[in-house]
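Q: Okay, sequence plus prediction incoming.
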Amino acid sequence: MDMTITPPTHRTDPTTIAVLETIETRLRWLSAWTIHNANHLRDSRDGLKVGGHQASCASITAIMTALYFGALRPQDKVAVKPHAAPVLHAIHYMLGQQSLDALQRYRGFGGAQSYPSRTKDTIPVDFSTGSVGLGVAITAFASLIQDYLIAHGEMAEGDAGRMIALIGDAELDEGNIYECLIEAYKHDIRNCWWIVDYNRQSLDSTTADRMFRRFDDIFETCGWRVETLKHGAKQRAVFASAGGQAIADWIDDCPNAEFAALTYQGGAAWRTRLIADLAAFPETLALIATHDDAALGALMTNLGGHCIATLLDAFARCDDDKPTLFIAYTVKGYGLPFAGHKDNHSGLMNPGQIAQLRGDLGIAAGEEWAPYGGLGDNAAASARAVVEASALANAQTVAAAPPVPVPDRLPVPDGTDLSTQAAFGRILLDLAKSGHPLADRIVTTSPDVTVSTNLGAFVNQRGLFRRQELKDVFSAARIPTAQKWAGHGAGQHIELGIAENNLFLMLAALGLAAPLFGTRLMPIGTVYDPFIARGLDALNYACYQDARFLLVATPSGLTLGPEGGAHQSINSPLIGIGQPGLTYFEPAFADELALIMGWAFRHMQADDGGSVYLRLTTRTLKQIARTDDAWQQDALDGGYWLKAPSGAADLAIVFTGAVTPEVLEAATQLADDLPGLGLLMVTSPDLLHRGWSARHAGRWTGANGSSHAEHLLAQLASHARLVTVIDGSPATLSWLGSVRGMRVSPLGIDRFGQTGDVPDLFRSYRLDAEAIVDAVAELCLGPVDETLSR
Ligand SMILES: Cc1ncc(C[n+]2csc(CCOP(=O)(O)OP(=O)(O)O)c2C)c(N)n1
Ligand SMILES: [Mg+2]
């Protein structure tokens, strides 16, 4: 579907182009100088190379100039390839939005970031980038979320922006790009531009010639328009003149590495090579002879991605909502002494080379930081006028999203026997039926495990999201089916194919709806717990840019039983503990889950909040009767005494989640001998650990107060001993012994699981009541193996 879009502000008249060309040289200079300053001029205290990528920046300055000062509209959002961060900083510096101090501290503590960061940079950054490929794909998901908001009446069609990724060509090697491309095609995304800085160089070398025209095919097959900008206006003019076609053909046949090497060698080398190769074309030789070496070098590297007019024309041609891939041919290090050299990725100009460039650009010594330095007064005024009239200077600030109300407490599902996974489905179903405003903002998504993670009931209530109506063929044919699978604009579940990485990119985009589009969504993504690992980098990416979502991972651990070792997650609790921006909970009972989900919906919206990960199970547990609500605050802080220790208070079982029945059984067996045995239910090993670490750090930062782990363990005698039990890595809980210096016997899994039922598996992996009793006995009596007591 096409839509009317406000015309872009660019003008392709020669005067504007000339001004943009001067702006381009400013960006090339400022980015190079910022990197130079950090590496050569700023004091180094540790002798480490600071780094930065002058060649990657110079490759893309014309593209960024044409985009930011030509085609960009105020509502558009851009993900900038990581290594072009200095260009983005330079753009904002010219706009007066980036400080000199931040540039001078580029890659330094608190300075401009090495890679664009939403949370750490002071300039507006739409999408963080860094791990290549992810910043590309998120723009496709963001465009889908924009369509979601439009379809749900949260955004006007006319306010739709374009989601743009500026990408390095090596990013096209990342598999996540193609996973995303498939998903984007299924969802018929629009308003998305990916602009490839096609310098045919990666980090190590030049890229494979065999990929020539492959990317076009792949993208076109997936419904994208592909605009290949191979030649600049100068080249096209020469090709059209007598003898010119042979040069065009020669370029087409030239391998990437040879083109790069000749670029590095410069005009004389070009001449020698062209004369040799094109000896049979006298008109061409004559044409070459009209160029001196410098002009010949400039002609041969006048590729589409360095030609402002070519770029502006292409952007103007694609001014509709069709997803578009621009393949803009460029030279890595364009205009710098190491242009085209295969090793230039991390190359830095030496002081002599940067001085030479400064001179060439007419910048006086001492004027290096002047935003419009090296331009005459008139040129500077014209450049400033264009910069100040740009969309970026007038970017729409997204209004703070109003909070989504959350009920004081979510009702606990009935039933004496429930798994946390079943309870999760019921809580969501109740919410969906309740008509509470929170339910309207929930968006669920899942990589082909919607039904098997118990999201099905919610989807039955709220439907699939589709821009175009999708009939449920089975229901329409009156074939009995538990699952309605109809899609429409008001649907609230975004169906994903099985690629888990897409789940996390989708959650990242959904979780940024508030800052990007001014409407807060409450995303809930479900996945099998072991397959978090499949999307781990994307999960980290989402958290790094402070996207807010609820990740529900289920089933987990050995309690998957017959599913076997390939599906039983072991180290996911450690991911939960180790991942910043994500709070991990693993409840055992339905009432804990309801309480934690209520907390999660608030935490996802809090200024100092974050995302939440719930590790759930399909194992049915007998629910317990509560006598009061005193446990609740403790449960939200990470743990509570299911049975407080008494008497000598010198022993406790500390446990999490699905092993609760075994712990209760062991406690029953031990009741006569150890009536004072404490049972500590840990609902969030993550919160306990974080609190404990923070408390230690607080000794030096002046923060005081005790941590919840200390508070809980204070109910035990100082010489008490702990048995820790979890259906996961034992390291999740064993550290608790360090809180007050208690001896620990840790139970958990640290080798691959296998098929079996829970009794067999728990016996074999020593998670059953007997293993717990043995561990308690060992702690009471001392280990048989003396080495364990040292
Ligand atoms: C996931 C990931 N792997 C590796 C890197 C290290 N790395 C940084 S840039 C780069 C190659 C960049 O090449 P390209 O995308 O073509 O960018 P450009 O040539 O414009 O510098 C690599 C391998 C990274 N940043 N992210
Ligand atoms: Mg490259």
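A: Okay, I see it. Residues are numbered from 1 along each chain as shown. Ligands and ions are numbered 1, 2, ... in the order given.

Q: So which residues on the stretch 151-300 of the chain come close to ligand 2?
A: Neighbours of ligand 2 within the stretch 151-300 of the chain, by CB under 5 Å from the ion: 168, 169, 199, 201. Placement of C-beta: from N, CA and C, glycine included.

Q: Recalculate using a threshold of 8 Å.
A: Applying CB under 8 Å from the ion, we find that the stretch 151-300 of the chain lies next to ligand 2 at 168, 169, 170, 197, 198, 199, 200, 201, 202, 207.

Q: so when I look at the fourth one, I'm seeing a strand, right?
A: Yes - the assignment for residue 197 (DSSP: H, G, I helix; E, B strand; the rest coil) places it in a strand.

Q: give me the beta-bridge partners of it?
A: residue 168, residue 328 (DSSP bridges).

Q: what number of residues lie near it?
A: 29 (other CB atoms under 10 Å).

Q: go on, the second one?
A: Residue crowding around residue 169 was assessed by other CB under 10 Å; the count is 23.

Q: contacting residues for the residue of the stretch 201-350 of the chain found nearest ligand 1?
A: Ligand 1 sits closest to residue 203 of the stretch 201-350 of the chain, with a gap of 3.8 Å, by CB to the nearest ligand atom. Residue 203 is in contact with 170, 345, 346, counting by CB atoms under 8 Å, 6 or more residues apart in numbering.

Q: Up against ligand 2, what does the protein have?
A: 56, 59, 168-170, 197-202, 207, 332.

Q: Among those, which pair sits farthest apart?
A: Pairwise distances across those peak at 14.0 Å for 56 and 207 (criterion: CB to CB).

Q: What are the boundaries of the strands in the stretch 601-750 of the chain?
A: 611-615, 621-622, 639-643, 651-656, 678-682, 721-726, 743-747 (DSSP state E, counting those that start in this stretch).

Q: ok, now the stretch 301-450 of the chain?
A: 324-329, 417-418, 442-447.

Q: Now mean pLDDT too, for these, in JSON lines please.
A: Converted to JSON lines, those look like this (pLDDT from 0 to 100):
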{"stretch": "strand 324-329", "mean pLDDT": "98"}
{"stretch": "strand 417-418", "mean pLDDT": "98"}
{"stretch": "strand 442-447", "mean pLDDT": "98"}
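
Q: Save those as TSV, and put in distance to ligand 1 too.
A: TSV is the format used below for the strands of the stretch 301-450 of the chain (distance: least, CB to the nearest ligand atom, whole Å):
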stretch	distance to ligand 1
strand 324-329	11
strand 417-418	41
strand 442-447	20
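
Q: Show the backbone phi and psi for residue 163.
A: Backbone torsions for residue 163, taken as degrees, to the nearest 10, come to phi -100, psi 120.

Q: That one - how many residues pack around it?
A: Residue 163 - counted by other CB under 10 Å - has 29 other residues nearby.

Q: just residue 170 next, same as before
A: Neighbours of residue 170 (other CB under 10 Å): 19.

Q: I'd like the numbering to begin with 31 instead of 1 from here.
A: Fine by me, first position is 31 from now on; the one you just mentioned is residue 200.

Q: near ligand 1, which residues of the stretch 31-180 of the chain?
A: Residues of the stretch 31-180 of the chain found near ligand 1 (CB under 6 Å from any ligand atom) are 83, 86, 89, 111, 112, 113, 161, 162.

Q: Of those residues, which belong to helices?
A: Judged by DSSP state H, these include 86, 89 as members of helices.

Q: Would you mind checking the residues of the stretch 31-180 of the chain next to ligand 1 for buried ones?
A: 83, 86, 89, 111, 112, 113, 161, 162 (16 or more other CB atoms under 10 Å).

Q: what sits opposite the nearest residue to residue 764 once chain neighbours are set aside in the beta ladder?
A: Once flanking residues are discounted, residue 764 sits nearest to residue 776: 3.7 Å by CB to CB, 6 or more residues apart in numbering. In this entry, residue 776 is beta-bridged to residue 754, by DSSP bridges.

Q: residues in contact with residue 776?
A: Residue 776 touches 753, 754, 760, 761, 763, 764, counting by CB under 8 Å, 6+ apart.

Q: Figure out the length between the terminal residues of stretch 536-554.
A: With CA to CA, to the nearest Å as the measure, the ends of stretch 536-554 fall 10 Å from one another.

Q: avg pLDDT for it?
A: In this model, stretch 536-554 has a mean pLDDT of 98.

Q: just stretch 230-239 next, same as before
A: Per-residue scores along stretch 230-239 average to 89.

Q: in that stretch, what's buried?
A: Counting neighbours by 16+ other CB under 10 Å, stretch 230-239 gives 230, 231, 232, 236, 237 as buried.

Q: For the fourth one, what are phi and psi?
A: Backbone geometry at residue 236, expressed as degrees, to the nearest 10, gives phi -80, psi 160.

Q: isn't it right up against residue 286?
A: Yes - using CB atoms under 8 Å, residue 236 is in contact with residue 286, at 4.5 Å.

Q: between these two, what contacts are shared?
A: Counting by CB under 8 Å, 6+ apart, the residues touching both residue 236 and residue 286 are residue 230.

Q: any idea how far residue 752 is from the residue nearest to residue 764?
A: 9 Å (CB to CB, to the nearest Å).

Q: Strands along the stretch 31-180 of the chain, start to end?
A: Applying DSSP E, counting those that start in this stretch to the stretch 31-180 of the chain gives strands spanning 107-110.

Q: Most proximal residue of it with respect to ligand 1?
A: residue 86 (3.2 Å).

Q: Local confidence estimate at that residue?
A: At residue 86, pLDDT is 98.

Q: which residues touch the residue nearest to it when sequence neighbours are not counted?
A: In space, and not counting its chain neighbours, residue 86 is closest to residue 113: 3.6 Å by CB to CB, 6+ apart. By CB under 8 Å, 6+ apart, residue 113 lies in contact with 83, 86, 87, 145, 198.

Q: about what we covered before: just name the closest of the contacts of residue 776 to ligand 1, please.
A: For the contacts of residue 776, the nearest to ligand 1 is residue 761 (27.0 Å; CB to the nearest ligand atom).

Q: What is the burial count for that closest one?
A: Counted with other CB under 10 Å, residue 761 comes out at 17.

Q: ok, and the closest non-adjacent residue to it?
A: residue 604 (6.2 Å).

Q: is it true that that neighbour touches residue 756?
A: No - counting by CB under 8 Å, residue 604 does not reach residue 756; the two are 10.6 Å apart.

Q: ok and the residue in the stretch 231-380 of the chain nearest ligand 2?
A: Ligand 2 sits closest to residue 231 of the stretch 231-380 of the chain, with a gap of 4.5 Å, by CB to the ion.

Q: By proximity to ligand 2, which residue of the stretch 681-820 of the chain wins?
A: Counting by CB to the ion, the stretch 681-820 of the chain gets nearest ligand 2 through residue 716, at 38.8 Å.

Q: Can you tell me the centre-most residue of the protein?
A: With distances taken as CA atoms, centre = their mean, residue 571 lies nearest the centre of the chain, 2.8 Å away.

Q: before we move on, which element is that one in?
A: Taking DSSP states H and E as the definition, one finds residue 571 inside helix 566-574.
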